[in-house]
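*Asks:* Return atomic coordinates for the entry below.
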Amino acid sequence: MVAVTDKTEKRLTIQTGEIAEDTTVIRSLDWDRDRFDIEFGLQNGTTYNSFLIRGEQIALVDTSHEKFRKLYFDTLTGLINPQDINYLIISHTEPDHSGLVKDLLQMAPEITVVASKVAIQFLEDLVHQPFKRKIVKNGDRLDLGNGHEIEFVIAPNLHWPDTIFSFDHKTQILYTCDAFGMHYCSDSTFDEDLKTIEADFHYYYECLMGPNARSVLSALKRMGELPSVKMVATGHGPLLFHNVEELIGRYRQWSQTQTKAETTVGVFYVSEYGYSDRLAQSIVNGISKTGVAVEIVDLGAAADLQELRELVGRCTGLVIGMPPANGAANIQAALSTVLGSANEKQTIGIFETGGGDDEPTYPLLNKFRALGLHIGFPVIEVRDTPSETTYKLCEEAGTDLGQWLTRDRSIKAMKSLGADLDKALGRISGGLYIITAKKGEVASAMLASWVSQASFKPLGLSIAVAKDRAIESLMQVGDRFVLNVLEEGNYQILMRHFLKRFAPGADRFEGVRTQPAENGTPILADALAYMECEVQSRMDCGDHWVVYSNVYTGRVSKPESLTAVHHRKVGNHY
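*Replies:* The predicted model follows:
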């Protein structure tokens, strides 16, 4: 293995090595990255993996993130003259894997780009220059010579609509980009230490693949038509070699469980229009927090209208991203099919996609309302380029929808404990606190009572945060927040305010006196004390995250006063 480091940035290194005959991995190690989008916190950094396959002709599978531009090309040119590369296989066009495609094509304009039809369309907008292309479909093959024959597997929505897998029949390596990956950065190229990586593997699945569980099963079915897969060369994290069957099996088990869920929401949008991809993904993330299954459908690629009818029929909730007003006939037919298959027992939500020519929202919403559907959240309007606040609004709207659909299940769960155990748990008391957090433009707050000091050196505390709380995505590893302590006998006004159910995107601090902490997070002026904290780690505890944080500063405003205490009679709800 060879490693190259750029010390002028956060820790960015490059690692290369031979993983099979004529096959080299180029791993871009991003040691300190702590977040993907606003809701996906990382505890162990990530990697962006790229691969060279040398037959009689040479193929490069994916590139890297643009932050690795110098490191990556210094490494690539040390391995090969870029002009000797014949093919660039694009697994999908998400920027963390295709951020250097334009640079590579400028160096070597004779390279032929191999990708799905949707990916080629995305690339035209990305590189803004003519390029040679080869569009591939499921089962197509590319013969590089010397036995390296690459077979392509179409795997849309894992987790972008343009995804393909590539299987080398000589080495029996399957290149899968995001699927089967994990955000985990280490010097280990392979998955030899399963216990160390399995939590990150599962978290990654839940965040990115779980909402597309049916698409995962479709991809697994296509993979079953290939010869035995000896290695899964992923786009993020270590490559799967020691535990291939085990980890692929976990994907199958998790996805089968997800698709059997009683409650499913269908999210329908046109992936190539406006800002629909990320807006839809933010809504999906919010829905997923509530334990509701999600199926994502690109209306522009929904060729089988009968399958679309069946999907709508089994959904309890529908979310529609507005397509272009003068969209293609197949898009209009798909949208009409969704409308014609809806029924009065379902819940509907609609969001604009910001493409500049969206179908008007309210006429469509009124058609669903006339069928008797419940409105899950107000129409999300997109007038300008979406900001962090817009994406947070979408996430909260998805969570509201999921909570509405699972309200009966939640009530049933509250009644499921035995009476004696229920009362016994209720005797565990806690203080009353309000957590406030801010990330960029987005601020949030919640009332908390499951708070405890957890360590002296370093000074730390733990907080249990329900997975469906809006503030949860602002309490990822590395995030800072404020723990505000409420005062005994003087907490009712603040408690009532933060117990309110806020509409998606609403200002939690309207009418509340605050002052900024060092990082801009609101400190409540009427709190007894406050502590500024930084998240160090998170532990999955079923329906809650236990968040462990270091405390780095704090102050008491009334030294003689006591903390408000919360006494419960039962232990099955707050």
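
*Asks:* Nearest residue to A179 in space, please, no chain neighbours.
*Replies:* L158 (4.5 Å; CB to CB, 6 or more residues apart in numbering). Quick note: C-beta positions are derived from backbone N, CA and C, even for glycine.

*Asks:* Show the contacting residues for that neighbour.
*Replies:* Contacts for L158 (CB atoms under 8 Å, 6 or more residues apart in numbering) come out as T176, C177, D178, A179, M209, N212, S215, V216, A219.

*Asks:* How much space separates it from Y205?
*Replies:* Taking CB to CB, to the nearest Å as the measure, L158 falls 11 Å from Y205.

*Asks:* Validate this expectation: H97 resides in a helix.
*Replies:* Yes: counting by DSSP: H, G, I helix; E, B strand; the rest coil, H97 falls inside a helix.

*Asks:* list the contacts for the closest residue to it other than its chain neighbours?
*Replies:* Excluding its sequence neighbours, the residue lying closest to H97 (CB to CB, 6+ apart) is D62, at 4.7 Å. By CB under 8 Å, 6+ apart, the contact list for D62 reads Y48, N49, S50, F51, I89, I90, S91, H97, S98, Y175, C177, G235.

*Asks:* For ChimeraX, write the selection for the buried entries among those.
*Replies:* Remark: buried members of those, expressed as a ChimeraX selection using 16 or more other CB atoms under 10 Å:
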select :48,49,50,51,89,90,91,97,98,175,177,235
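
*Asks:* can you tell me which of the contacts of D62 are in helices?
*Replies:* With DSSP state H as the criterion, helices contain H97, S98 from among the contacts of D62.

*Asks:* of all the contacts of D62, which comes closest to Y491?
*Replies:* Y48 (47.9 Å; CB to CB).

*Asks:* Per-residue pLDDT of the closest one, please?
*Replies:* Y48 carries a pLDDT value of 96.

*Asks:* distance of it from G99?
*Replies:* Y48 is 8 Å from G99, by CB to CB.

*Asks:* Now the common contact residues for these two.
*Replies:* With CB under 8 Å, 6+ apart, Y48 and G99 have common neighbours S64, H65.

*Asks:* any low-confidence regions in the stretch 451-574 of the chain?
*Replies:* Within the stretch 451-574 of the chain, the ranges that satisfy pLDDT under 70 run 574.

*Asks:* Return the alpha-carbon coordinates of stretch 258-265 using PDB.
*Replies:* Output of stretch 258-265 as PDB, limited to C-alpha atoms (Å, rounded to 0.1, in the frame of the first residue of the first chain):
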ATOM      1  CA  GLN A 258     -38.700  -2.900   5.700                       C
ATOM      2  CA  THR A 259     -40.900  -3.900   2.800                       C
ATOM      3  CA  LYS A 260     -43.200  -5.900   5.100                       C
ATOM      4  CA  ALA A 261     -43.900  -2.900   7.300                       C
ATOM      5  CA  GLU A 262     -47.500  -2.200   7.900                       C
ATOM      6  CA  THR A 263     -47.100   1.500   7.000                       C
ATOM      7  CA  THR A 264     -45.500   2.700   3.800                       C
ATOM      8  CA  VAL A 265     -45.200   6.100   2.200                       C
END
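
*Asks:* buried ones in it?
*Replies:* For stretch 258-265, burial by neighbour count (16+ other CB under 10 Å) applies to Q258, T263, T264, V265.

*Asks:* in what helix or strand does the first one lie?
*Replies:* Assigned by DSSP states H and E, Q258 belongs to helix 244-259.

*Asks:* and M209, that's in a helix?
*Replies:* Yes: M209 forms part of a helix when assessed by three-state DSSP.

*Asks:* Run a quick neighbour tally on it.
*Replies:* M209: 23 surrounding residues under other CB atoms under 10 Å.

*Asks:* now swap in E124 and tell me
*Replies:* 13.

*Asks:* Quick check: phi and psi on it?
*Replies:* phi -60, psi -40 (degrees, to the nearest 10).

*Asks:* how close does it sit to L88?
*Replies:* Distance from E124 to L88, by CB to CB: 15 Å.

*Asks:* so who does the residue of the chain most remote from its centre touch?
*Replies:* Distance to the chain centre peaks in the chain at E560, reaching 45.7 Å (criterion: CA atoms, centre = their mean). Contact analysis of E560 by CB under 8 Å, 6+ apart lists nothing.
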